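Novice: A predicted structure for the sequence below; I have some questions about it.
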Amino acid sequence: MKIIVIGGGPAGKSAAVEAAQIGEDVTLIEKKYLGGKCLNEGCMVVAGLNDVAKFIKDSHRYNELGITNQTPQVDFEKLADGMKDTIKKIRTVHNAEASEAGIEVINGTAKVSGESQTVTVNQEPFKYDKLIVATGSNPYIPPIKGREKAITYQDILNLKKVPEKLLIIGSGVIASEFASIFSMLGSEVKILCRDPFLDMIDDDTRDYVEHKLLDKVEIHKDVLVDEITDDGLYLDGKFFGGDIFLATGLKPNSQILEGIVDIGSEGEVVVNSKMETSQENIYAAGDVAGVSTTPLARMEGVVAARNACDIHTVADYRLTPSSLSLYYDVAFITYGEDVEATDNTGYLEGSIPGFAAPGSFWNVLQSNTGFTKVKVDPDSGLIKDVSSISPTARTSMAYLCQMIKDGYKTHDFDAFLETHPSSDPVYKLLRFFSKFG
Ligand SMILES: Cc1cc2nc3c(=O)[nH]c(=O)nc-3n(C[C@H](O)[C@H](O)[C@H](O)COP(=O)(O)OP(=O)(O)OC[C@H]3O[C@@H](n4cnc5c(N)ncnc54)[C@H](O)[C@@H]3O)c2cc1C
């Protein structure tokens with residue numbers, strides 16, 4: 001069977017590798033670089049910048065404490081060059097993986113013709129039996145006057161220096177991550193939110209983020225930007241100077257399937273839990289189908305590939321570990337709609353500050369060691385909500401999420417053996433709640 005995958009990001013590459021490993025004849029078409037947005041513009045860019053930004057923040061702290069007497073200066077061009085070199089090297093791993101899996105990779109922009117099961121690349125037609133579209137997303141640019149003067153995450157590695165003043169329009173994860181990074185690097189940062197700020201996280205966790213992790217960032221809520229100018233913007237009639245960064249969401253790259261499959265109100269390709277579109281033999285996965293994290297994109301890619309290879313598989317969105325990259329990790333579990341709808345009455349909540357441990361020890365004097373909160377059913381031991389802010393929360397949250405999916409309850413943590421010192425306080429709360437019921 002001939003399978004064509006369009007897009008070499010997390011969704012497309014996972015789909016291609018899965019189908020090739022199953023033994024099918026796979027062609028992967030990518031217009032830029034394997035690794036997609038995650039490696040080349042998104043997750044890895046945030047990871048690389050955040051490492052340096054945290055180092056600068058820590059340096060200030062050690063100076064304040066008199067332990068060191070010099071704060072390093074950041075050369076942003078060198079930082080960006082170093083990141084580009086690193087990303088280039090990681091790309092070779094993606095290329096090698098694709099080649100080892102026996103995937104034919106074609107460089108070019110694909111076009112889909114609905115009728116004849118054909119994809120065209122560089123004017124050449126390719127026939128498919130099954131097509132998986134994983135063309136990802138691009139920044140959503142709102143219709144604000146002067147919007148072409150603003151930058152997005154796609155421009156970050158072309159900056160020449162750390163902006164003196166940065167005005168970030170947006171209220172989600174990308175707005176908060178870049179606000180944190182540039183504030184730690186020394187910019188004066190304002191976040192301008194039209195929608196509720198970080199509304200995907202619990203109120204107490206958000207409070208900690210706003211007051212402890214983004215303490216140097218001014219967050220203006222419920223505001224509307226009127227116009228962007230060469231040197232700033234007008235907000236509710238008042239001028240603010242600075243570079244403008246649009247973090248206003250992502251728009252699925254679904255144009256490639258317009259008129260061929262059903263497209264939803266947010267521009268996403270409509271799929272069922274097998275990643276099938278409304279057109280037989282065409283599947284879609286990842287950001288183009290409306291998700292916006294790499295692990296979900298990868299999962300959907302695998303599900304699409306298996307179904308394309310006639311192996312019945314459904315995507316599982318019941319519980320998903322999610323995270324934000326700030327000075328500490330902010331991690332939480334996102335629940336699928338059916339789980340979210342369960343009756344919450346009778347649940348107990350508990351929260352504790354983080355521990356002194358690697359990554360938090362030098363913030364003990366500032367009472368800034370993190371924050372963890374859980375919600376449990378004391379009778380059944382069911383673990384409902386978990387959010388944690390700590391230097392290592394993103395790693396432990398993924399394992400915890402899997403354990404909850406596998407049916408672990410609070411009493412399973414009664415004899416939990418932790419490593420020490422560790423900055424993860426989740427086990428302590430769960431061990432406390434294991435005594436109930
Ligand atoms: C700043 C930022 C930070 C992020 N941080 C995180 C994070 O920390 N953790 C996390 O889980 N997620 C993060 N994300 C989200 C994550 O990057 C995406 O969810 C993920 O990359 C989606 O994968 P995808 O394969 O669906 O799409 P993409 O990664 O967008 O890949 C799509 C690919 O398709 C190619 N393509 C498009 N059209 C065509 C065509 N016509 N022909 C050929 N090729 C085409 C593109 O060139 C691209 O390579 C972040 C996103 C951003 C913007």
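Specialist: Yes, it's here.

Novice: In this structure Leu192 contacts Ile168, no?
Specialist: Yes - the pair Leu192 / Ile168 is scored as a contact, 6.8 Å apart, by Cβ atoms under 8 Å. The way it works is simple: take the backbone N, C-alpha and C, and place the C-beta from them, glycine included.

Novice: Break this structure into its domains for me.
Specialist: 2-138+250-308, 147-246, 319-433 (automatic domain parsing).

Novice: circling back to that earlier point, so Leu192 and Ile168 - more neighbours on which side?
Specialist: It is Ile168, of Leu192 and Ile168, that has more neighbours when counted by other Cβ atoms under 10 Å, with 29 against 25.

Novice: Am I right that that one sits in a strand?
Specialist: Yes - applying DSSP: H, G, I helix; E, B strand; the rest coil, one finds Ile168 inside a strand.

Novice: my read: it touches Ala179, true?
Specialist: Yes - taking Cβ under 8 Å as the definition, Ile168 is a contact partner of Ala179 at 5.3 Å.

Novice: List the buried residues for the lengthiest helix in the chain?
Specialist: Across the chain, the longest stretch assigned as helix under DSSP state H is helix 76-100. Buried residues in helix 76-100, counted by 16 or more other Cβ atoms under 10 Å: 76, 79-80, 83, 87, 91, 94, 98.

Novice: quick check, distance from that helix to the centre of its chain.
Specialist: Taking Cα atoms, centre = their mean, to the nearest Å, one finds the center of helix 76-100 at 19 Å from the center of the full chain.

Novice: How about stretch 369-382?
Specialist: Worked out by Cα atoms, centre = their mean, stretch 369-382 lies 24 Å from the chain centre.

Novice: Now it: buried residues?
Specialist: Under 16+ other Cβ under 10 Å, the buried positions of stretch 369-382 are 369-377, 381-382.

Novice: Rebuild the residues you listed as a markdown table, extending it with secondary structure, pLDDT and distance to Ile106.
Specialist: Shown next, in a markdown table, are those (DSSP: H, G, I helix; E, B strand; the rest coil; pLDDT from 0 to 100; distance: Cβ to Cβ, whole Å):
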| residue | secondary structure | pLDDT | distance to Ile106 |
| --- | --- | --- | --- |
| Thr369 | coil | 97 | 50 |
| Gly370 | coil | 98 | 46 |
| Phe371 | strand | 98 | 48 |
| Thr372 | strand | 98 | 47 |
| Lys373 | strand | 98 | 48 |
| Val374 | strand | 97 | 48 |
| Lys375 | strand | 95 | 49 |
| Val376 | strand | 95 | 51 |
| Asp377 | coil | 94 | 52 |
| Gly381 | coil | 94 | 52 |
| Leu382 | coil | 94 | 49 |
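
Novice: Those residues of the stretch 151-300 of the chain touching the ligand, which are they?
Specialist: Counting by Cβ under 6 Å from any ligand atom, the residues of the stretch 151-300 of the chain close to the ligand are 153, 174, 253, 256, 286-287, 292-295, 297.

Novice: Show me which of these is closest to Ala308.
Specialist: For those, the closest approach to Ala308 (Cβ to Cβ) belongs to Gly286, at 14.5 Å.

Novice: Give the closest residue to that closest one in space, chain neighbours not counted.
Specialist: Using Cβ to Cβ, 6 or more residues apart in numbering and skipping the chain neighbours, the partner closest in space to Gly286 is Ala11 (2.7 Å).

Novice: so the one you found touches Ala297, yeah?
Specialist: Yes - contact criterion Cβ under 8 Å: Ala11 and Ala297 qualify, at 3.9 Å.

Novice: and for the two, which residues touch both?
Specialist: 134, 136, 285-287 (Cβ atoms under 8 Å, 6 or more residues apart in numbering).

Novice: Counting neighbours, which of those comes out on top?
Specialist: Gly286 (38 neighbours).

Novice: residues contacting that one?
Specialist: 7, 9-12, 134, 136, 296-297, 300-301.

Novice: out of those, which are buried?
Specialist: 7, 9-12, 134, 136, 296-297, 300-301.

Novice: center of the protein, which residue is that?
Specialist: Centroid-nearest residue in the chain: Thr293, 4.5 Å away (criterion: Cα atoms, centre = their mean).

Novice: Would you mind giving the shared contacts of Ala11 and Ala297 as TSV with secondary structure and pLDDT added?
Specialist: What follows is the shared contacts of Ala11 and Ala297, written out as TSV (DSSP: H, G, I helix; E, B strand; the rest coil; pLDDT from 0 to 100):
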residue	secondary structure	pLDDT
Ala134	coil	98
Gly136	coil	98
Ala285	coil	98
Gly286	helix	98
Asp287	helix	98
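
Novice: ok, of the residues you listed, which one's closest to Ser273?
Specialist: Ala285 (11.7 Å).

Novice: helix or strand for the closest residue to the closest one other than its chain neighbours, which one?
Specialist: Leaving aside its sequence neighbours, Ala285 sits nearest to Glu300 (Cβ to Cβ, 6+ apart; 3.7 Å). Following DSSP states H and E, the helix or strand that holds Glu300 is helix 294-308.

Novice: circling back: let me see the contact set for the residue nearest to the centre of the chain.
Specialist: 320, 322.

Novice: show me the contacts for the residue of the stretch 51-200 of the chain found nearest the ligand.
Specialist: Ranked by Cβ to the nearest ligand atom, the top residue of the stretch 51-200 of the chain for proximity to the ligand is Gly136, at 2.0 Å. With contact taken as Cβ under 8 Å, 6+ apart, Gly136 is in contact with 7, 9, 11, 36-37, 252-253, 286-288, 297.

Novice: Spatially, which two of the contacts of Gly286 are the most separated?
Specialist: Gly7 and Leu296 (14.9 Å).

Novice: Run a quick neighbour tally on the nearest residue to Gly259 once chain neighbours are set aside.
Specialist: Sequence neighbours aside, Gly114 is the residue nearest to Gly259 in space, at 6.9 Å (criterion: Cβ to Cβ, 6+ apart). Residues within reach of Gly114, counting by other Cβ under 10 Å, total 13.

Novice: Surely Gly114 is in contact with Glu280?
Specialist: No - here Gly114 does not reach Glu280: they are 10.8 Å apart, not a contact under Cβ under 8 Å.

Novice: still on that earlier bit, and the contacts of Gly286 as a markdown table, adding distance to Leu224?
Specialist: What follows is the contacts of Gly286, written out as a markdown table (distance: Cβ to Cβ, whole Å):
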| residue | distance to Leu224 |
| --- | --- |
| Gly7 | 34 |
| Gly9 | 33 |
| Pro10 | 34 |
| Ala11 | 34 |
| Gly12 | 37 |
| Ala134 | 35 |
| Gly136 | 29 |
| Leu296 | 31 |
| Ala297 | 32 |
| Glu300 | 35 |
| Gly301 | 38 |
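
Novice: Read off the pLDDT value for Ile168.
Specialist: Here, the pLDDT recorded for Ile168 equals 98.
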